[in-house]
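In: test case, fold it:
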Amino acid sequence: MSEIHIYPSLLRTFEGAATQPIECHRVSTGTLREWLLDNVPSYADNPEHNPWEAELDSNRGKVVSPADYEHVQLSECGAIHLYIAPQKGAVNSVFNAVVDVFSSVFSWLMPSMPSDPGSSQVHQGEQLNDPSVTVNRPKLNGVINQIAGQTRVAPYYLAPPHAYFIDRRTKALDVLLCVGWGSYLLPASQMRIAQTPFQALGEAVQWQAFQPGEIIAGHSAHALWYTAPEVGASSSGHAGLELKSVLPVTPQIYASSIRAYGAQLSVSADAAIPLDWEVGMLINVRLPRQVTAYPPPTTEDPEEQTVRAVFSADNSDLGLVVGDAIEITGDVLSGNFVVHSIDGNDMTLSYPDLSPVTSPTAGVYQLSIDREGARYRIVASATQALTVEKLLADGNADTTWLGWPDRTYYGSWSVRIDSSYSESQWVGPFNAQKPGTLATRVEAIVMLPRGLGKSRDDGSMEELTRSVELQWREIGQEFWQWETLEMRDATRDQLGFVVGVDLPRPMAVECRFRRLDAESQDIKIIDEMQWTGLSSRLVNPPTRYDDITVLAVTIIGTDAIAAQSENRITCVPTSIMETMEGTVQPTRAIADWFRNACNQIGIADDDIDMDELQRLHDTWTARGDTFDYNHDGDDTVKAVLERTLQAGFAQLSWEDVLVPVRDEPRTQLGQMYSPQNMRADALLAKSIRSIRPDDYDGVDVEYRSAATDNIETIECRLSPGPAQRVEKIRIDGVTDGTRAWRHGMRRLMWHRYIRKGYSWGTPTDALNSNLGSYCPVVGPIPSKAQSALIEQAVVNADGVHLLSSEPLKWSEIEEHVIYWRKPDGETAGPYPARRGENDYHVIAAMGSDPVPVVAPQKEPPHLLFGQVERVLVKSILPSGMSNVSVEAEGYDERLYQHDDAFPSN
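Out: The predicted structure is shown next:
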């Protein structure tokens, strides 16, 4: 015996608790495949389509492959759990119960990208045109947007923008943007920087659109560039870090002796710590320690003979282990080595190529031993003492260092300032890439904000030459590589230069930057320099983006674009998708988007009432109604579809398939309701919303205008005077003022004319109606109409003679017309009627229409007499096996009177 548990979605847990099944079926024989074939019609029609995941109770967490369904014996496997995706009805009533359990259509995790730093400063001469742009940033853990129809968007970053110089006066910016999920048409006329079209900027803007999956490697914007946050605009108001003149720093400590203890160094009373050594500076410390060298030990077995010398010293403060790289300084042994073995105070060494160190073979020596590349950062300074922090070659703190043993040194020691301070005032070093990534190229941008040159007495400029140097090294290495740039000009215009290095291989590097010439103090000389950017090109950038449309833009800083430098790139894409006509093309049609949104999450055309959708598509197209909206949130599919249909005055309903229902003028009556098919305990109840002074007499509609790209408000009024009470509504996807006004007038007409509400209950008859059904109803107390059953129907030459089960009130009811219920539940009529031989006898003029058929084995046809009330069904709620509750509101054609009108102003 097995139990098949059916769950309403693919979710296993919700808010920390396991989800519960909505159905349970006990089965004792056969296989899972056989049970599905017998109970799931959609599976029998198409066994390849499996909108569910099956798990065995004995192996939870592992989804059973559909190919193995025929091997799952229901008599042996215990419980089976079926987690079902939102689809058309499958197992009995399962999917009727989960119509509202829609999952999200769109999901995409986007990282946060840094923006290009801006600058503001008063300059003499022409300012360099900076084409920095501000583009919508992706939200943390947000979803990628998808556009319906046509609407203006500010695309999301796909990669950080990269700034560089084409020449010393022209800066360029590469930007890679995501337009949206799917395929889009991007006309050149709809591409803008702020309010300026790309076309108006000429060669200043170069762009290219890539459809989903297209290769983008040929465009420079596809590269991933990391911008070091340490380099850029400073709090002092400069656009970058100032490059100052040579900095004279005392190179070392001069003292007869130095004492080391823990993390402190102190000098004798007759000496002092250099006054220009500041907290944060790096120093190199060489302290000798006594090392005894022994020759390699001998053994009787030649194969066990070792060839490495043994060095014995107290190195416990260093925390060394086998494989550590160390640096030794001394007369008899000096250089970089690798620890081969360590046993207490005894240690053997290898050279960096792992060949053995065999000498010196005997003796006692004074050698300085430390980790390779180790430096010490000053954390506190006094007149005669320093407190330091030990750093490894990669710049991180050495957490294994125990501090120096307490000892005073009288010779062979040195404490020197790091070389990065002794030659010039370096700025940096800074890591050129994000931790965990590797770079293939680094670039430093240096700007001369006031130009470069020497002013002559007549006001003209004399050419001047200055140089800068970029140094870089792989993190963990000691020696720097360098690249210099000589800059020459005679101008007061702002200048910019790039110093770039293609690295020999992908690596993590640190960089520092300096000027090689002292900044002049002569007021006639202009040579101020600022380091405004450090960036690195990372390895393995994406060469294609599946499922999204990509926009690559190169903006060149010229006079035409400088004024727009801090504004947004926007575009007006039009969604490309399969249309209702079967072609793939740009479309704004409501039905096209509705259908494609359904198809994206597995709701096939068979799960949609395509006939009704096609009818509405024809209606919307003829009216010019569209749906234009940028979906950039995590809405559910249900919310997306409801928003779509709202633009066309429609709603979403479920009748075994998804059905769009448009609220529009009606002519064909549906199921009739009267005491003949109402429950005795739930006869027709009617409520009337009376006219009150505080009723809404105006509606303001907010919508995003395609013309202005702003949220606009249009007023909907029935009279020119000011409204006393105004309702404000928002219509998404409508971008035209006229159509927004029509929505508002529809709402205003509802406030004015739709004042009657109805409710009743039936056994199961109401299941013949749906959301939006247009139905005639009659209550239990005759007023303008009454109901009965037809007990006999005879066709004569003068009309159809009907026998009513109830006497009709010919004198009390003004409108002498009849309706009757067809076998399918629909309403026939109205037909003119006259009294026959008595109050039970009706003669109706039905012309050539079908007439009622009274048969003993069938329920008699229902009859309505008089002026029935016409309603639109708003909800149908089944309860139990034979109770259905219905709510409706009155139908009034005046509701639609402004649907094709135009606002007066």
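In: could you pull out the helices for the stretch 651-800 of the chain?
Out: 737-753 (DSSP state H, counting those that start in this stretch).
In: strands along the stretch 151-300 of the chain, start to end?
Out: 156-167, 170-181, 183-185, 191-193, 196-197, 205-210, 225-227, 241-242, 258-262, 264-267, 282-286, 288-294 (DSSP state E, counting those that start in this stretch).
In: note down every partner strand of the third one and its orientation.
Out: So the one you mean is strand 183-185. strand 574-578 (antiparallel) (DSSP bridges).
In: what angle sits between the strand it pairs with and strand 170-181?
Out: Computed by axes from the mean of the first three to the mean of the last three Cα atoms, to 10 degrees, the angle separating strand 574-578 from strand 170-181 equals 40 degrees.
In: got the residue ranges for the helices in this structure?
Out: 32-39, 41-45, 94-97, 419-422, 590-600, 610-623, 637-646, 737-753 (DSSP state H).
In: make TSV from these and add mean pLDDT and distance to D167 to it.
Out: C-beta: built from backbone N, CA, C; applies to glycine. Formatted as TSV, those follow (pLDDT from 0 to 100; distance: least, Cβ to Cβ, whole Å):
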stretch	mean pLDDT	distance to D167
helix 32-39	84	70
helix 41-45	70	66
helix 94-97	30	65
helix 419-422	60	32
helix 590-600	95	47
helix 610-623	96	53
helix 637-646	94	49
helix 737-753	95	48
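In: most tightly packed of these?
Out: Compared across the helices of the chain, helix 590-600 shows the largest average neighbour count, a mean of 23 (mean count of other Cβ atoms under 10 Å).
In: which other residues reach it?
Out: Contacts to helix 590-600, defined as Cβ atoms under 8 Å, 6 or more residues apart in numbering, come from residues 105, 148-149, 575, 577-580, 587, 604-605, 607-608, 613-614, 616-617, 620, 625-627, 637, 640-641, 644-645, 647-648, 658, 660.
In: buried stuff in stretch 576-584?
Out: Of all the residues in stretch 576-584, those buried under the rule 16 or more other Cβ atoms under 10 Å are 576-577, 579-580.
In: from those, which is closest to Q425?
Out: Looking at the buried residues of stretch 576-584 and their distance to Q425, the nearest is I576, at 56.8 Å (Cβ to Cβ).
In: who touches the closest one in this structure?
Out: Counted by Cβ under 8 Å, 6+ apart, I576 has contacts 182-185, 584-587.
In: let's see it at 7 Å
Out: Residues counted as contacts of I576 (Cβ atoms under 7 Å, 6 or more residues apart in numbering) are 183-185, 584-586.
In: again, but for G496
Out: 128, 165, 168, 171, 445, 447.
In: measure it to I445 for me?
Out: 6 Å (Cβ to Cβ, to the nearest Å).
In: with adjacent residues omitted, what lies nearest to D697?
Out: A723 (4.9 Å; Cβ to Cβ, 6 or more residues apart in numbering).
In: equivalent analysis for S804, please.
Out: Excluding the flanking residues, the one nearest S804 by Cβ to Cβ, 6+ apart is A788, at 4.4 Å.
In: for burial, what's the neighbour tally of that neighbour?
Out: Neighbourhood size, A788 [other Cβ atoms under 10 Å]: 24.
In: roughly how far apart are it and L802?
Out: For A788, the distance to L802 (Cβ to Cβ) stands at 9 Å.
In: what residues do the two have in common as contacts?
Out: With Cβ under 7 Å, 6+ apart as the test, A788 and L802 both reach L863.
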